[in-house]
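Visitor: Sequence and predicted structure, then a few things I'm wondering about:
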Amino acid sequence: MSRRGLALVLLVVLIAGAGCASMPAAGRAPIADVGALVGRWEGTTSPDDHPFVLTINPGGTLVAVWSGQTRWGTVTVQEGEATYEMQPGGYEGTIRLFNDNGARRMVLSDASASLRAQAVPVRVAGR
């Protein structure tokens, strides 16, 4: 490829990247209350891709399991934003909910970056 062709390809990539960077996160959904998160969620942690299972109960209590560990805690929602706290270990951070064309997905981000996970709801028989 000539230098001129390479420069043109690079310019197109830079322009496309700049346009995407300015776009808001697609599908992010505000969280009205804990009820929007209730249920069993399964996914993976990152960057290690360990299986991750999270159960959120109607009262806001939670149980999370990953990498052979089980943690218990709570979820709270305030002004459309959800946060969690888990013990033992003092895990705490945010939960973000996404709705991509009807497919729900949650992302947990620990404040200390020791836990990052994403999960989708698991349909339970009878519900």
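Guide: Alright, I've got the coordinates. Numbers count the residues shown, from 1 in each chain.
Visitor: check which helix or strand covers the residue positioned nearest the centre of the chain.
Guide: Centroid-nearest residue in the chain: V107, 0.7 Å away (criterion: CA atoms, centre = their mean). Element membership for V107, per DSSP states H and E: strand 103-110.
Visitor: and that strand, which strands flank it?
Guide: Sheet pairing here is set by DSSP bridges, and for strand 103-110 it gives strand 91-100 (antiparallel), strand 116-121 (antiparallel).
Visitor: Now do the residue lying closest to R104 once chain neighbours are set aside: how many residues are near it, please.
Guide: Distances taken as CB to CB, 6 or more residues apart in numbering put P121 closest to R104, at 5.6 Å, once the chain neighbours are dropped. All C-beta spots, glycine's among them, are computed from the backbone N, C-alpha and C. A total of 18 residues lie near P121 under the criterion other CB atoms under 10 Å.
Visitor: What's the separation between P121 and V38?
Guide: Counting by CB to CB, to the nearest Å, the gap from P121 to V38 is 9 Å.
Visitor: Then A119?
Guide: As judged by CB to CB, A119 and V38 stand 13 Å apart.
Visitor: Give me the more crowded residue out of the two.
Guide: A119 (22 against 17).
Visitor: For the more buried one, give me its contacts.
Guide: Residues in contact with A119, defined by CB atoms under 8 Å, 6 or more residues apart in numbering, are W41, E42, G43, T44, F52, V53, L54, R105, M106, L108.
Visitor: 6 Å - rerun?
Guide: By CB atoms under 6 Å, 6 or more residues apart in numbering, the contact set of A119 is W41, E42, G43, F52, L54, M106.
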